[in-house]
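Enquirer: sequence and predicted structure, then a few things I'm wondering about:
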Protein chains: 2
Amino acid sequence: MNKGILIVVSAPSGCGKGTILAEILKDEGYYYSVSATTRSPRPGEEDGVNYHFLKREQFEELIKNDGMLEYAEYCGNYYGTPKDKVFEKIEEGKNVILEIEVQGAMQIKKKCPQAVFIFIAPPSVGELRRRLLKRGTETEEVIEKRVSEATHEIGFAGEYDYIVVNGALEDAIEDFKTVIRAEKLKSANQKKLIDEVLENA
Amino acid sequence: MNKGILIVVSAPSGCGKGTILAEILKDEGYYYSVSATTRSPRPGEEDGVNYHFLKREQFEELIKNDGMLEYAEYCGNYYGTPKDKVFEKIEEGKNVILEIEVQGAMQIKKKCPQAVFIFIAPPSVGELRRRLLKRGTETEEVIEKRVSEATHEIGFAGEYDYIVVNGALEDAIEDFKTVIRAEKLKSANQKKLIDEVLENA
């Protein structure tokens, strides 16, 4: 069996990343990596589902033992990706999806250059603003802040291997699947195959 | 408009490369690069279709002026890929397909690392032998020579970006198309896109 691949996905908020990933994750060949945090669970949040909720000492122990693929401190709490589960699932042949913001993705790029980095972009910043306004859940001030963050994040898109534009959802899902299928065809991911081709002479 | 991409394809003889490429080339977005040679046309061969038939002086002039993407001398004749048409078509937005043997592909890899290298492999060397025997156009001795050449060539498959196994033809064609579609999604091929996303703010 071939190993799975590590897929790192970033997108500004409002780009439909959640919808795309929900569709991809219907396939059993994928595993969604749950982040760890030291912040307290909010009502309704489950340990191991929304986050792995860790004590500060546990998190710092993991950092010390190089057990984190990436991490950051934000508002006094740690957030990060524990390594063990990710690599265990890859060995099992699963494609592991890490949903992560730009800074974390750049950390992982240094540690795991063999991972596949996908940036999901809106068709335009103007369209992103329209979508956020239409959603109607935030004030205009908050929306402008999000648009400004999105603009900053899109500036990093060139650092990713692939850019998937979410104009029409179906196309974006198809593009995402195309990228993974092509990655599986990479010679680096098919080393066993060549041995097999040559063995059966 | 985005530029096209340069696709370098190699395969041992008998792997169905011709059938796969004929299917791909039905799409107008592709251009098949015709090689140049100094050997004489055989009956039925047309200049500009089977080969660009050049005089030895013309070919050597091209070599001198760095006008060849790759070339080799074989049985006293030159064979090679003239640069000009390839890059003209890429600028026009066409995906240019170069069908070429392993040594030529490795030359191009040094000069154009941005090209996409695809190796088409048989499901196994044993299956390749069965296909060649079934075709019944060659003696067993010639077939064994081809199988031995194929084994040598498959040893280079790991140098290519992608490996497409031609087990079932439909799947191989689909894999080939998947690779090209994914390449188009590479951030390096979408530099203009990001500018557009950010412009329409």
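Expert: Sure, I can see it. Numbers count the residues shown, from 1 in each chain, chains lettered A, B, ... in the order given.

Enquirer: how about the helices in chain A?
Expert: Counting by DSSP state H, one finds helices in chain A at the ranges A:17-24, A:56-64, A:83-91, A:102-111, A:125-135, A:140-154, A:169-184, A:191-199.

Enquirer: could you save these as a markdown table and add columns showing distance to chain B, mean neighbour count and mean pLDDT?
Expert: Every residue, glycine included, has its C-beta placed from N, CA and C. A markdown table is the format used below for the helices of chain A (distance: least, CB to the nearest CB, whole Å; neighbours: other CB atoms under 10 Å in any protein chain shown; pLDDT from 0 to 100):
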| stretch | distance to chain B | mean neighbour count | mean pLDDT |
| --- | --- | --- | --- |
| helix A:17-24 | 14 | 16 | 94 |
| helix A:56-64 | 30 | 14 | 96 |
| helix A:83-91 | 20 | 16 | 93 |
| helix A:102-111 | 12 | 17 | 92 |
| helix A:125-135 | 4 | 16 | 91 |
| helix A:140-154 | 6 | 15 | 92 |
| helix A:169-184 | 3 | 18 | 96 |
| helix A:191-199 | 5 | 15 | 84 |
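
Enquirer: and the pLDDT for the spatially most central residue of chain A?
Expert: The C-alpha lying nearest the average C-alpha coordinate of chain A belongs to residue A:99 (CA atoms, centre = their mean; 2.4 Å). In this prediction, residue A:99 carries a pLDDT score of 94.

Enquirer: which ones are touching residue A:175?
Expert: Neighbouring residues of residue A:175 by CB atoms under 8 Å, 6 or more residues apart in numbering or on different chains: A:164, A:165, B:181, B:185.

Enquirer: run the last query once more with 10 Å
Expert: In this structure, residue A:175 makes contact with A:20, A:118, A:120, A:162, A:163, A:164, A:165, A:166, B:181, B:182, B:184, B:185, judged by CB atoms under 10 Å, 6 or more residues apart in numbering or on different chains.

Enquirer: closest to residue B:136 out of the residues you listed?
Expert: Looking at the contacts of residue A:175 and their distance to residue B:136, the nearest is residue B:181, at 37.1 Å (CB to CB).

Enquirer: how about the closest one: what's its closest non-neighbour residue?
Expert: Spatially, and ignoring its direct neighbours in sequence, residue B:181 is nearest to residue A:178 (4.9 Å; CB to CB, 6 or more residues apart in numbering or on different chains).

Enquirer: kindly report the same for residue A:91.
Expert: If you skip the residues right next to it in sequence, residue A:91 has residue A:3 as its closest partner in space, 6.2 Å away by CB to CB, 6+ apart.
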